[in-house]
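Student: Sequence first, predicted coordinates after that:
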Amino acid sequence: MSLADRILDLCRAKDVMVTCAESCTGGMVAAALTDVPGSSAALERGFVTYSNAAKIEMLGVSPQTLAAVGAVSEDVAIEMAEGALARSHAQVSVSITGIAGPGGSEHKPEGRVCFAVATPAGTSVETQEFGAPGRDAVRIAARDHALSLLLGAIDKLP
């Protein structure tokens, strides 16, 4: 059984809806969930906010936060997840912002991806360093990690 199948089964069992705010994955988390028949019972909506303007307009990310720490940061991941939760009817949101590559810098290397999960009980955040295995591999690893975070957050809900 795939992660997406497990998420959808758990959402149905707990009567929970999820939303995702994606940047570097470009909708891959939402696509993984909607690949499963019956996903409309669990996926409330998804936001693909690739540009900073989209993060600001669609999710309410602060322009000051973006200017201070950049889009690939835990601060922005938190604001994305909390913004998605506030702008949806979901009970759980996951956000992803990172550098899939090619490229990156000394301070923000290729393969760095920040994730946040928001529920009414609070928000958690983490950064993963996937290295530089190539753009496709980073995006797939980020998708799978986000799905794992969603599953864990849903499991903790009452």
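Tutor: Yep, it's here.

Student: Tell me the confidence at the nearest residue to residue 50 once chain neighbours are set aside?
Tutor: The shortest distance from residue 50 to any residue other than its chain neighbours is 5.7 Å, reached at residue 23 (CB to CB, 6 or more residues apart in numbering). C-beta: built from backbone N, CA, C; applies to glycine. Residue 23 carries a pLDDT score of 98 in this model.

Student: Could you pull up the mean pLDDT of stretch 150-158?
Tutor: Per-residue confidence for stretch 150-158 averages out to 96 on the pLDDT scale.

Student: With stretch 117-135 instead?
Tutor: The average pLDDT within stretch 117-135 is 97.

Student: now the strands: where do they sit in the protein?
Tutor: Taking DSSP state E as the criterion, the chain contains strands spanning 18-22, 43-48, 92-98, 112-119, 122-129.

Student: I'd like those strands laid out as CSV, including distance to residue 28 and mean neighbour count.
Tutor: Shown next, in CSV, are the strands of the chain (distance: least, CB to CB, whole Å; neighbours: other CB atoms under 10 Å):
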stretch, distance to residue 28, mean neighbour count
strand 18-22, 7, 29
strand 43-48, 10, 20
strand 92-98, 9, 30
strand 112-119, 12, 25
strand 122-129, 15, 14
